[in-house]
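Q: Sharing a sequence plus its predicted fold:
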Amino acid sequence: MPTPEDSAAGQRRTDAIGALIASKSKVDTFSLPAKFARCLPGALYQLHRTSNGGSRFTFVSERFINLFEILPGSAGRDAAAVFDRIHPDDRAMVEATLEASVRTMQPCHFDYRVILPIRGTRMHSTVATPEPAEDGGIMWYGHVSDVTGTDQTRDHNKYADILFAHSSIGIIVTDADNTIIDVNPAFELITGYAWEEVIGQNPRILSSGRQPASFYRDMWRTLNETGAWVGEINNRRKNGEIYVERLQIKVIHGDGNNSKRHVAFVSDITREHQAEATMRRLCSIDPLTGLANRHVALEQLSLLLDQAQRHEALMAVLVVNLDHFKTVNDQHGHQIGDEVLISVADRFRSIVRDFDVLARLSGGEFLIGIGGISELEEAATTADRLIQTLAEPIHVGELQIIVTPSIGISVSPSDGTDLTMLVKYAEEAMYAAKADGRHRYRFFSSAMHHRALSHARLSERLRKAVLHRSFELHYQEQVNINTGQLISFEALIRPTVAGLGSPGEFIPLAEELNLIQPLGRFTIEHAIRQMASWTKSGAGVERIAINVSPRQFVDPQLVDTMSALLDETGLPPTAIEIEVTETTAMHDAEEAIKLLRRFKDLGVLIAIDDFGTGYSSLAYLRRFPIDRIKIDRAFVNHLETQSDDVEIVKAIISLAQAMKLSVLAEGIETEGQRTILAGLGCELAQGYLFGKPKPANQIAFLPLTSNSSPNGGMSWTSH
Ligand code: C2E
Ligand code: MG
Ligand code: MG
């Protein structure tokens, strides 16, 4: 049953809705009393009970006549015409209610039956407020309506009211504009918002921002199409806390215009969600080690694989099996075996990154997934570290136990993209590692294994070579394209030991292994000293070009090193040109501008190497303090056969001319290429046509005869 609190709350609601409607419509209802009375459902009346006990209606609205089927004017003479219509069985109740109202001077509300000449028995419901009349009697201001046949409905309404007030499910009612017109106490409890705080608001005040706009778009589409929507949603309580609610919305259409309503039922299911998550976690972990189990590991691996595919990266699956683990169990018992497994899991945990996958499959077998890697070697390095981390014995009580792993590795996409197969391949590779003598790792594909091994070997060789400075510089001439006159040399590094490959191979590796700084210093030092020596001997070399790799370029000490060497050798800074590749300069153009400026301030010249192979922004190119562009060999190669390349080179040269930069073409091998480039306005040339890179001691500078050089001066030759 509704309690007094309910009716107080009901009153609060009615007042607020009234205020809301008034504020929305702003209609002066008193200016149209007749129409108002006509349109009002039911009828209005003023009933006057005089001090001598007589009753008459001093005002009735049009409908009143109709409701009681009386003659117009008859009620004004004597209320008896109306009271006579009341069912005999209900008359005493009506009298008593009115009497009580007189006594208490409180509004009265009662239902009664009437017997009408035309429509027979009907049910009326009336509400009236008493006020003292001037003559000492009472005046009721009332409203009456026909509610016949609605007993059941009213019962329903009564129950609905009780449900609304007492339900533990939050209820929100909104109008056609989705403005909240009512909420129940459960809603207040769930959201922390009081009734009056939300009336007139849009339910979006509860939005947590966790659902994308598309979520709400879909919800409204479903609501509009089907009239209902059910789902789970994250919302925010008044205190800012996010909670999960199960939300069920229904669209309700009334009879009249603008009678569309949305009724939303809200249950707070945050606890259920948390419990579910805990259950899921409990079911997903290996209780012994706390690692994921096979089932979860496969789910996580599949996410990792998706990610790797999206980013075009590699993903490695490692199956790690502890060698002879059964013996540990057999010798020391399962309890010790368990302790060993816990320690192994802890050590593995410290190696595997948070976003990788680490699981125990069974007994002494673990599954590891490494995502987002760009090189096979990263998988090999992880395998190495897993082996290393078990090198130290595991202490269990007094015991010191050493376990060794055999590891199999498969890699996606090269070994496929099917997860089950990848795990199977990794297992096969693990068995291969066991067959090879255990305590080692093996890649599933032997080609990969060799590649990973050769990378490891190459790294080792490079480390040694850098340590022992087993390098020398070769110099390649840069000449005037028209006259062949020597202008400068480019210093190119060469290893003096076998097995390191070309600079194109070992320089990126030196960057990866952090060996580029000592290697770079070697080049700069030797090149500048060589240049100083040529200058001293009057060889007529204007400058030396030195390649600076991307990592070297961002080293703030590079400028200082160069400056110190210039001071030491007494060379002018213009005797040095640094070559930075287009890709390096454009990688972080703003930063590059700053760094290039430091070189410029020192006075050295700057060339952009391999121009045309990277991506250049003209806007930046204009801001780079550069002196020269070196057209990449790729465009020079096919100049004689491909007209497209001629067009590109032509464009680069005119761009350089517009920017007042000089142009050098790299990799010229034929006279035909030289002629075309000279014809296009290129000034400087470099390539096998003029000479291959060679050690300084194989370069001889000879005085030119007038036959060999049109411009006279010094020339050079190889031994
Ligand atoms: P790069 O700076 O573009 O050097 C030109 C490369 O083209 C050199 O290869 C050179 O030997 C080769 N070359 C020159 N003329 C011709 C030709 O007519 N035909 C052909 N086929 N090749 C020609 P190298 O010496 O193997 O160097 C490759 C790259 O390694 C260089 O490209 C440069 O980026 C880098 N590099 C070389 N030495 C160093 C160094 O000391 N430090 C740094 N950081 N990078 C270096
Ligand atoms: Mg270069
Ligand atoms: Mg180049």
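A: Cool, the structure landed. Ligands and ions are numbered 1, 2, ... in the order given.
Q: and the longest strand for the chain?
A: Longest strand of the chain, by residue count under DSSP state E: strand 120-132.
Q: residues in the stretch 451-600 of the chain within reach of ligand 1, list them.
A: Contact residues (CB under 6 Å from any ligand atom) of the stretch 451-600 of the chain with ligand 1: 476, 492-493, 502-504, 507, 520, 523, 547-549, 552, 579. In short, each C-beta sits where N, CA and C put it, glycine included.
Q: Which among these count as buried?
A: Buried members of those, counted by 16 or more other CB atoms under 10 Å: Gln476, Leu492, Ile493, Pro503, Ile507, Gly520, Thr523, Asn547, Val548, Ser549, Gln552, Glu579.
Q: circling back: spatially, which two of the residues of the stretch 451-600 of the chain next to ligand 1 are the most separated?
A: Gln476 and Gln552 (19.8 Å; CB to CB).
Q: Quick check: residues of this protein near ligand 2?
A: Counting by CB under 5 Å from the ion, the chain comes close to ligand 2 at Asn547, Glu579, Asp609.
Q: can you do 8 Å?
A: Glu490, Leu492, Ala545, Asn547, Glu579, Thr581, Ala607, Asp609, Asp610, Lys630, Glu666 (CB under 8 Å from the ion).
Q: Apart from its neighbours in sequence, what residue is nearest Asp146?
A: Arg122 (5.6 Å; CB to CB, 6 or more residues apart in numbering).
Q: Now for the nearest residue in space to Thr670 that is not next to it in sequence: which residues touch it?
A: Closest residue to Thr670 apart from its sequence neighbours, by CB to CB, 6+ apart: Leu689 at 6.4 Å. Going by CB atoms under 8 Å, 6 or more residues apart in numbering, Leu689 touches Ile668, Glu669, Thr670, Glu671, Gln673, Arg674.
Q: Please list only the buried members of those.
A: By 16+ other CB under 10 Å, these give Ile668, Gln673, Arg674 as buried.
Q: Now do the strands in the stretch 101-250 of the chain.
A: 108-116, 120-132, 138-146, 170-174, 180-183, 228-236, 242-252 (DSSP state E, counting those that start in this stretch).
Q: what's the most buried one of those?
A: Mean neighbours per residue, mean count of other CB atoms under 10 Å, is largest over the strands of the stretch 101-250 of the chain for strand 180-183, with a mean of 22.
Q: Around ligand 1, which positions in this protein sit nearby?
A: 476, 492-493, 502-504, 507, 520, 523, 547-549, 552, 579, 609-610, 633, 666-667, 669, 686-688, 693.
Q: Which members of the residues you listed occur in strands, if any?
A: Filtering the residues of the chain next to ligand 1 for strands - DSSP E - leaves Gln476, Leu492, Ile493, Asn547, Glu579, Asp609, Asp610.
Q: Contact partners for the second one?
A: Which is Leu492. Residues Leu473, His474, Tyr475, Gln476, Pro503, Asn547, Pro693 are the ones in contact with Leu492 under the rule CB under 8 Å, 6+ apart.
Q: repeat for the fifth one
A: If a contact means CB under 8 Å, 6+ apart, then Glu579 has Glu490, Ala545, Ile546, Asn547, Val548, Ala607, Ile608, Asp609, Lys630 as its contacts.
Q: Check the gap between the residue in the stretch 151-300 of the chain that ligand 2 sits nearest to and Asn293 for me.
A: With CB to the ion, the shortest gap between the stretch 151-300 of the chain and ligand 2 falls at Gln300, namely 45.7 Å. According to CB to CB, to the nearest Å, Gln300 and Asn293 sit 11 Å apart.
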